[in-house]
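Undergrad: kindly generate the corresponding structure for this input.
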Amino acid sequence: MQPILMLAIAGVAAIALGTGFLNNDIELWIQDFGVGAGDIELAADHAIIDFNIVQVPDEVDEAGHPINYKNIIDYCLVTLNANVGTTTNTQKQSEITCKITGKELDALGNWVPSGKVITEGKRCQALFLAGVQYHVPLGSIDGCTNSNPVFGPTELDPKMAGDVILVVHANTYNNNMALPPNP
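TA: Numbers count the residues shown, from 1 in each chain. Below is the predicted model:
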């Protein structure tokens, strides 16, 4: 099995991204992945996610000069609190996948997170160092070989973002590593 760390934020991203500007870090506590009665643990138990939000022209005048701009998200910025992976494993890569879900109208006419992934991005390398901010591009794969594809646009209007799901895989799994005992 793979040590998979999955975490989701409900509401925090929706509130922060709804303003079109994210000025605070989103802090996540990581949940271990269970196998049978045991857990496969990773050294990282905490992550911080930011978003790269840039302004792009939305409307231009007759001369082609921008007159209105819009905000877009093009990267998840992920910082782990501990190293993930190893450089001694040349057969597998460690991965960080950032998924952003959308919003939908509820029965009262309020926009709420839908839980449906609308875009995702993935970054792969042997080792992710603690305290280093990694740029995970949306709608594409960065540095991955033999990886599952990602989908969605490379740019996203922050108002469309509902929640964030972060998946971290270490390349240290299943290399003659004993799995937790199954009682």
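
Undergrad: in this structure Pro113 contacts Thr101, no?
TA: Yes - between Pro113 and Thr101 there is a contact under Cβ atoms under 8 Å: 5.7 Å. Quick note: C-beta positions are derived from backbone N, CA and C, even for glycine.

Undergrad: between those two, what contacts are shared?
TA: Gly162, Asp163 (Cβ atoms under 8 Å, 6 or more residues apart in numbering).

Undergrad: what about these two, which has more around it?
TA: Thr101 (24 against 19; other Cβ atoms under 10 Å).

Undergrad: now the more buried one: phi and psi?
TA: When read as degrees, to the nearest 10, the backbone of Thr101 gives phi -90, psi 160.

Undergrad: what's the closest non-adjacent residue to Trp111?
TA: Distance criterion Cβ to Cβ, 6 or more residues apart in numbering; nearest residue to Trp111, sequence neighbours excluded, is Lys103 at 4.6 Å.

Undergrad: what residues are bridge-paired with that neighbour?
TA: Pro113 (DSSP bridges).

Undergrad: so what's it up against?
TA: Lys103 neighbours (Cβ under 8 Å, 6+ apart): Ala14, Trp111, Val112, Pro113, Ser114, Met160, Ala161, Gly162.

Undergrad: mind running it again at 10 Å?
TA: Going by Cβ atoms under 10 Å, 6 or more residues apart in numbering, Lys103 touches 14, 17-18, 110-116, 118, 159-163.

Undergrad: same check on Pro137?
TA: Asn52, Asp74, Tyr75, Cys76, Cys98, Gly121, Lys122, Arg123, Val150, Thr154.

Undergrad: surely the fifth one is in contact with Cys76?
TA: Yes - using Cβ atoms under 10 Å, Cys98 and Cys76 qualify as a contacting pair, with a distance of 3.4 Å.

Undergrad: mutual contacts of those two, please.
TA: 49, 51, 119-121, 123, 134-138, 164, 166.

Undergrad: report the two of these separated the most.
TA: Maximum pairwise distance among the shared contacts of Cys98 and Cys76 (Cβ to Cβ): 17.3 Å, between Thr119 and Tyr134.

Undergrad: looking at the two, which is more packed in?
TA: Under the neighbour definition other Cβ under 10 Å, Thr119 and Tyr134 were set side by side, and Thr119 has more, 23 against 17.

Undergrad: helix/strand/coil for the more buried one?
TA: Here Thr119 is recorded as strand under DSSP: H, G, I helix; E, B strand; the rest coil.

Undergrad: which residues touch the closest residue to it other than its chain neighbours?
TA: Among residues not flanking Thr119 along the chain, Gly152 sits closest, at 2.8 Å (Cβ to Cβ, 6+ apart). For Gly152, the contacting residues are Lys99, Ile100, Gly102, Val117, Ile118, Thr119, Glu120, Gly121, Leu138, Gly139, Ser140, by Cβ under 10 Å, 6+ apart.
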